[in-house]
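Peer 1: just a sequence and a predicted model for now, questions to come.
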Amino acid sequence: MSKKVWAIDKNYDLISLSQKECDFSYRKSVFQDSDYIICKIELECEFGEKERIKSEMRKILDNRKNKFPLNYPNCGSVFLSNPIVNDIFAPPGKLIEEAGLKGYQIGGAQISEKHANFIVNLGNATAKDVISIFQYIRKVVYQRYGLCLESEVRYVGELGSLRSLHEVGKIE
């Protein structure tokens with residue numbers, strides 16, 4: 001658990017934030033909607049039996065290796081998980097897979113065959129490829145389920161502007 005975070009703000013001042021000020025929740029914090037650059041963090045850890053902790057860590061890592069496409073570069077989960085939307089059980093990977101999109105490819109970008117909520121780089125993907133496949137997924141899922149998937153991925157523009165990927169137009 002985070003006790004304190006030090007960050008640089010837009011005026012290049014070093015600030016410190018308490019855990020409460022960071023407003024941490026599931027995949028969310030004050031840092032997503034700010035210009036802060038995190039430079040240091042103080043953690044509070046619990047003590048425990050070393051072998052039990054190592055065993056639990058191994059299980060978590062094994063689960064990730066089996067579940068996620070770690071053999072290709074990717075940006076992690078692409079779409080936010082809102083498990084129930086309009087009374088539909090809707091984990092994004094499940095919806096994308098049920099829409100028959102696993103393995104779909106544009107240029108060097110591919111919807112992972114291992115986990116459909118990941119877009120992998122097969123070696124030569126461009127930003128245009130990734131954005132195009134992202135937009136295609138949103139279109140197909142919307143047409144099939146009436147759900148508008150939201151991006152978990154952030155796009156950094158040429159001048160450092162930061163936007164959610166679903167706010168980005170086509171890249172030429």
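Peer 2: Looks like it came in fine. Numbers count the residues shown, from 1 in each chain.
Peer 1: and the helix or strand hosting Val141, average pLDDT?
Peer 2: Element membership for Val141, per DSSP states H and E: helix 127-145. Mean pLDDT, helix 127-145: 92.
Peer 1: any buried residues in it, and which?
Peer 2: Buried residues in helix 127-145, counted by 16 or more other C-beta atoms under 10 Å: 129-135, 137-138, 140-141, 145. Any C-beta I mention is one placed from the backbone N, CA and C, and that applies to glycine too.
Peer 1: tell me which strands and helices that helix is in contact with?
Peer 2: Applying 3 or more C-beta pairs under 8 Å, 6 or more residues apart in numbering; DSSP states H and E, one finds that helix 127-145 makes contact with helix 92-98, strand 105-106, strand 109-111, strand 119-121.
Peer 1: mind doing that once more with 6 Å?
Peer 2: strand 105-106, strand 109-111 (3 or more C-beta pairs under 6 Å, 6 or more residues apart in numbering; DSSP states H and E).
Peer 1: do a quick rundown of the helices in this protein.
Peer 2: Applying DSSP state H to the chain gives helices spanning 19-22, 50-67, 92-98, 127-145.
Peer 1: gap between the shortest one and the chain center?
Peer 2: Helix 19-22 sits 21 Å away from the centroid of its parent chain (C-alpha atoms, centre = their mean, to the nearest Å).
Peer 1: swap in the last one?
Peer 2: Here the centre of mass of C-alpha atoms in helix 127-145, compared against the chain's by C-alpha atoms, centre = their mean, lies 16 Å away.
Peer 1: just to revisit the earlier point, of all the helices and strands packed on helix 127-145, which gets the most neighbours per residue?
Peer 2: strand 109-111 (a mean of 24; mean count of other C-beta atoms under 10 Å).
Peer 1: by contact count, what packs against that strand?
Peer 2: Under the contact definition 3+ C-beta pairs under 6 Å, 6+ apart, strand 109-111 sits against helix 127-145.
Peer 1: if we go to 8 Å?
Peer 2: Secondary-structure packing of strand 109-111 (3+ C-beta pairs under 8 Å, 6+ apart): strand 119-121, helix 127-145.
Peer 1: let me have the ones you listed in CSV, extended by distance to Tyr36.
Peer 2: Output for these, formatted as CSV (distance: least, C-beta to C-beta, whole Å):
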stretch, distance to Tyr36
strand 119-121, 27
helix 127-145, 25
